[in-house]
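Peer 1: Build me a model:
(one chain, ligands or ions: 1)
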Amino acid sequence: MPEMSTALDDVDTAFLRAWTDQRATTSCGLWQDATDLGAAHTAKFARLADLAGVRSGARVLDVGCGSGGLLEYLAVRRDAVAVGVDRSARYCRDAASRSGVIDVECADYRDYAPAERFDAVVCAQLLEHTTRYSEARAGRHLERYRDFFQRLHDWTRRGAKLALEVLAMPDIRWSTPSPAQQRLIEGVGGHRCFVRPSDLGASCLGLWQPTHSVLLRDDAVRTHREWLRRLTGQREELHRRWGHDLVTGYERVLRHELDALHSGTAAVALLGFRRIDPR
Ligand SMILES: C[S@@+](CC[C@H](N)C(=O)[O-])C[C@H]1O[C@@H](n2cnc3c(N)ncnc32)[C@H](O)[C@@H]1O
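Peer 2: Numbering: from 1, shown residues only. The predicted structure is shown next:
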């Protein structure tokens, strides 16, 4: 099994809660009707649930569920049977303790074998972790994405829908990144590879039909700004509790990502898919 990124990726959830929302959500918020981070994340949860066509009683899987905020939203606000998988034991503990959440399995999704199929799948900012930049340069990312789509197809029922959120570099040419793209790649360490949405379109052929695609810039900029504002506003306290390296590491990555989002080098993509069912 190829190595996947772990740096800055399995931390004390109390540290995350200190500068993200109360649910330690580490993906984009939607700000149109929101004035704070928590409300922005709830609005994004609603968008993902809509994209995945979640109805009352639906069995829904969140791949890379993190601390489980979306799972709780699905269970409590959408009356869904909410199931999660995440490779981080700490995040899984948080997620499993949330209201209404049925089952959280602590596993790499590639080792996951659900006992029952799902009506819908949601997945926010996991795919970046499946590929290193060096692998994308060598064209190996497509097989990773294909494997991801194949697994989700195997785990779902006829008529299922999928909602994906990814950090995207829409214009990247893998062999010749622009200077701004190169700065982003180096800034996030090369181990977490932003996704080119057109690569997903090529990888899901015959398995999932793309139905929706939107690139968010302003929402992503605002989410990152808010994270940085909260992180830097309590820097001393965070250094004291969790150490200089962890806090500085997060701050550096967030600043690189914010620069890239601001300049249009990166964006957050929200994508919807419908399962292609065999006749
Ligand atoms: C950026 S966080 C997003 C968490 C959550 N979806 C959210 O929106 O807050 C990425 C999550 O994916 C999980 N993850 C990364 N690679 C994984 C893998 N191969 N299998 C399962 N979980 C994985 C990490 O542990 C982490 O919780």
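Peer 1: Assign Arg151 to helix, strand or coil.
Peer 2: Three-state call for Arg151 (DSSP: H, G, I helix; E, B strand; the rest coil): helix.
Peer 1: Tell me the spacing between it and Val85.
Peer 2: Distance, Arg151 to Val85, by C-beta to C-beta, to the nearest Å: 11 Å. Backbone N, C-alpha and C define where each C-beta goes, glycine included.
Peer 1: More neighbours: these two, which one.
Peer 2: Val85 (24 against 18; other C-beta atoms under 10 Å).
Peer 1: ok, that one touching Val104?
Peer 2: Yes - using C-beta atoms under 8 Å, Val85 is in contact with Val104, at 7.2 Å.
Peer 1: Overlap of the contact sets of these two?
Peer 2: Taking C-beta atoms under 8 Å, 6 or more residues apart in numbering as the criterion, Val85 and Val104 both touch Cys65.
Peer 1: hmm, back to that, overlap in contacts, Arg151 and Val85.
Peer 2: Between them, Arg151 and Val85 share these contacting residues under C-beta under 8 Å, 6+ apart: Tyr109, Tyr112.
Peer 1: before we move on, what SS does Gly189 have?
Peer 2: Recorded secondary structure, Gly189: coil (three-state DSSP).
Peer 1: separation between it and the ligand?
Peer 2: Between Gly189 and the ligand the distance is 14 Å, computed by C-beta to the nearest ligand atom, to the nearest Å.
Peer 1: For Tyr91, which three-state class applies?
Peer 2: Tyr91 falls in the helix class when you classify it by three-state DSSP.
Peer 1: List the residues that contact Glu251.
Peer 2: Glu251 makes contacts with Leu228, Leu231, Thr232, Arg235, as judged by C-beta under 8 Å, 6+ apart.
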